[in-house]
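Trainee: no sequence on this one, just coordinates:
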């Protein structure tokens with residue numbers, strides 16, 4: 001099978017630019033997706049009063065770290081403690097010992113909620129309870145081609161996404177999603193100002209909402225149908 005399996009015209013153009021030996025016709029783009037049934041079956045968790053909840057789901061790998069986000073939030077606790085007191089930072093998955101040490105060093109314990117490792121449906125339920133979903137991709141060699149699967153689980157939740165990412169596939173995917181806020185992964189000042197912007201929208205009930213057309217095209221049954229068509233077309237060659 002000659003097709004590169006991955007879905008989005010901009011990502012296709014990006015791949016062609018990165019790998020000149022490819023042609024437009026060589027590539028069929030099928031991304032990660034989400035299972036809509038998970039969001040129906042997931043346990044519903046209550047929100048904590050009127051506070052704005054940022055949620056990160058997953059583990060921190062070699063190309064991701066919460067340190068810049070945490071340092072940006074630390075600056076908010078100093079500059080605008082009134083705003084900080086109305087924000088909670090939730091983590092689902094494995095936060096790692098070094099990140100707990102950083103949280104303690106920054107004295108952010110009261111703002112942090114570590115839910116630890118949970119099963120998939122519980123994770124989905126936690127995602128649904130958040131106001132804004134967050135993830136980051138740090139600068140690394142060839143990082144522009146990294147597109148974490150968590151993005152599309154976030155998309156399935158239909159929540160605003162804060163993505164601290166470099167140029168590349170993840171940024172393109174967030175731009176297509178629309179209900180997103182994008183900043184550089186290690187720019188503490190930019191992350192801080194983006195959090196301020198998000199909080200202002202939250203306070204005024206104006207957080208962005210993605211379009212149904214964008215969200216629905218990442219359902220796994222839709223993606224599976226596309227894959228079947230690609231395979232059938234190759235078998236005919």
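Mentor: In hand now; what should we look at? If you're wondering where the values come from, they're calculated on a predicted model, not measured in any experiment. Residues are numbered from 1 along each chain as shown.

Trainee: ranges for the strands of the chain?
Mentor: 4-5, 27-28, 52-57, 87-92, 112-116, 132-136, 161-164, 180-183 (DSSP state E).

Trainee: residue 44 - nearest residue in space that isn't next to it in sequence?
Mentor: Using C-beta to C-beta, 6 or more residues apart in numbering and skipping the chain neighbours, the partner closest in space to residue 44 is residue 125 (6.2 Å). All C-beta atoms are positioned from the backbone trio N, CA, C, and that covers glycine.

Trainee: and that neighbour, how far from residue 183?
Mentor: Separation of residue 125 from residue 183 (C-beta to C-beta, to the nearest Å) stands at 28 Å.

Trainee: more crowded one of those two?
Mentor: The residue with more neighbours, out of residue 125 and residue 183, is residue 183; 23 against 20, by other C-beta atoms under 10 Å.

Trainee: what sits closest to that one if chain neighbours are left out?
Mentor: Using C-beta to C-beta, 6+ apart, the closest residue to residue 183 is residue 190 (4.4 Å).

Trainee: ok, now which ones touch the residue nearest to residue 44?
Mentor: Neighbouring residues of residue 125 by C-beta atoms under 8 Å, 6 or more residues apart in numbering: 42-45.

Trainee: hmm, try it at 6 Å
Mentor: 42-43, 45 (C-beta atoms under 6 Å, 6 or more residues apart in numbering).

Trainee: which single one of these is nearest to residue 118?
Mentor: Ranked by distance to residue 118 (C-beta to C-beta), the contacts of residue 125 are led by residue 43 at 10.0 Å.

Trainee: so which of the contacts of residue 125 is the most crowded?
Mentor: That'd be residue 42 among the contacts of residue 125, by other C-beta under 10 Å, with 19 neighbours.

Trainee: give me the below-cutoff pLDDT ranges for this structure.
Mentor: 1-11, 29-31, 48, 142-143, 145, 220-234, 236-237 (pLDDT under 70).

Trainee: how about residue 22, nearest residue that isn't a chain neighbour?
Mentor: Leaving aside its chain neighbours, residue 22 sits nearest to residue 16 (5.3 Å; criterion: C-beta to C-beta, 6+ apart).
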